[in-house]
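Engineer: here you go, sequence then predicted model.
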Amino acid sequence: MSAVRAEEALRDASLRPMREADLDAIMRIETRAYPFPWTLGIFRDCMRADYPMWVQEQAGAIVGYGVLSIAADEAHVLNLCTAPGHEGQGLGRRMLQALLRIARGHGAQRVFLEVRPSNPRAIELYDRSGFNEIGRRPRYYPAADNGREDAIVMAMELLPDDINTMPPL
């Protein structure tokens with residue numbers, strides 16, 4: 001995708017809180033994007049727990065979403081997904097920035113996440129966004145043929161002034 005088209009696509013995307021009515025569209029994306037997708041029950045459990053859950057739309061269609069948990073002064077990015085076919089437009093970066101802004105607004109001082117070593121695009125996004133690898137969780141993710149894949153654990157410190165430099169939601 002050209003830089004101009006990506007900029008236009010990003011400008012045309014909007015963010016809003018996730019609703020129960022969004023879950024069918026989210027599940028269609030989730031099952032296309034991941035070999036071991038979250039279940040509908042996991043999304044509903046996150047809604048019941050009142051986790052910040054956001055969607056990104058273009059032309060009225062959901063093209064990405066993010067789920068965050070926040071406790072005390074820590075936040076955890078639980079799920080960040082851009083719909084297949086919409087990658088490379090900056091949508092994942094925008095969603096991550098929105099989640100970081102929300103975390104900081106709730107008083108989080110650090111944010112954690114796990115990512116598969118086999119997902120270099122996500123690792124690059126997190127690296128460029130200021131996350132650092134802090135460890136590994138052995139055999140964390142399910143993998144093909146009943147195998148398991150480690151998780152790279154990443155963290156980012158949120159400084160008090162970070163919220164002022166983040167783009168608005």
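Structural biologist: Looks like it came in fine. Residues are numbered from 1 along each chain as shown.

Engineer: where does pLDDT dip in this structure?
Structural biologist: Applying pLDDT under 70 to the chain flags the ranges 1-11, 161-169.

Engineer: buried sites along the helix or strand containing Gly64?
Structural biologist: Gly64 is part of strand 61-71 when elements are defined by DSSP states H and E. Going by neighbour count (16 or more other CB atoms under 10 Å), the buried part of strand 61-71 is Ile62, Val63, Gly64, Tyr65, Gly66, Val67, Leu68, Ser69, Ile70. Using the backbone N, CA and C atoms, a C-beta is placed for each residue, glycine as well.

Engineer: same check on stretch 43-63?
Structural biologist: 43, 46-47, 51-58, 62-63.

Engineer: take those residues and keep only those in strands.
Structural biologist: If you go by DSSP state E, the buried residues of stretch 43-63 have Met53, Trp54, Val55, Gln56, Glu57, Gln58, Ile62, Val63 in strands.

Engineer: widest-spaced pair of those residues?
Structural biologist: The most widely separated members of these, counting by CB to CB, are Met53 and Gln58 (18.3 Å).

Engineer: looking at this protein, which residue lies furthest from center?
Structural biologist: Distance from the C-alpha centroid of the chain peaks at Asp145, with 26.4 Å (CA atoms, centre = their mean).

Engineer: where's the residue nearest the centre of the chain relative to Asp145, distance?
Structural biologist: Residue closest to the average C-alpha location in the chain (CA atoms, centre = their mean): Leu80, at 2.0 Å. According to CB to CB, to the nearest Å, Leu80 and Asp145 sit 26 Å apart.

Engineer: what about stretch 39-54, how long is it end to end?
Structural biologist: End-to-end distance for stretch 39-54, by CA to CA, to the nearest Å: 17 Å.

Engineer: who's in contact with the helix or strand encompassing Arg32?
Structural biologist: Using DSSP H and E, Arg32 falls within helix 23-33. Residues from elsewhere that reach helix 23-33, judged by CB atoms under 8 Å, 6 or more residues apart in numbering: 18, 37-38, 40, 43-44, 55, 61-65, 81-84.

Engineer: from those, pick the one nearest Asp12.
Structural biologist: Of the contacts of helix 23-33, the one sitting nearest to Asp12 (CB to CB) turns out to be Val63, at 10.0 Å.
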